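> Model the following, please.
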Amino acid sequence: MSENNTVMINDSSYVFEDMTEQARMAYQQLMSLRNQMADISMRQQQIGAAQSVFEKILETELAEETEEIEEVAAEA
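Just a heads-up that it's a prediction; the model follows:
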């Protein structure tokens, strides 16, 4: 909602207080859902970034482990 309590819905302005109780409730629910979707999108990006970090750590650890095994085998 803006400062003058008007809301834009489908390119039309409505005075929030003039809307029916049901319309106000639906509008508030939609705003809440949009906020939740934005939060979920941000969380998905964070999880993707964290996943990349742990994949890199795993790759590095497995490469080092393989090198150690090869060194031990070469010494034998």
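
> Where does pLDDT dip in the protein?
The chain contains residues with pLDDT under 70 at 1-3.

> mind running it again at 50?
1-2 (pLDDT under 50).

> Can you show me the strands along it?
6-9, 12-15 (DSSP state E).

> Let me see the ranges of the helices in this protein.
Secondary structure of the chain (DSSP state H): helices at 21-75.

> circling back: of the strands of the chain, which stretch is the most buried?
Mean neighbours per residue, mean count of other Cβ atoms under 10 Å, is largest over the strands of the chain for strand 6-9, with a mean of 14. From N, CA and C alone the C-beta is placed, and that goes for glycine too.

> So which elements touch that strand?
strand 12-15 (3 or more Cβ pairs under 8 Å, 6 or more residues apart in numbering; DSSP states H and E).

> Can you spell out which helices and strands pack onto the strand it packs on?
Partner elements for strand 12-15 (3+ Cβ pairs under 8 Å, 6+ apart): strand 6-9.

> would you put the C-alpha positions of the strand it packs on in CSV?
C-alpha atoms of strand 6-9 as CSV (Å, rounded to 0.1, in the frame of the first residue of the first chain):
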residue,chain,number,x,y,z
THR,A,6,-4.5,3.4,-2.4
VAL,A,7,-3.5,0.1,-3.9
MET,A,8,-2.9,-0.8,-7.6
ILE,A,9,-4.6,-3.9,-8.8
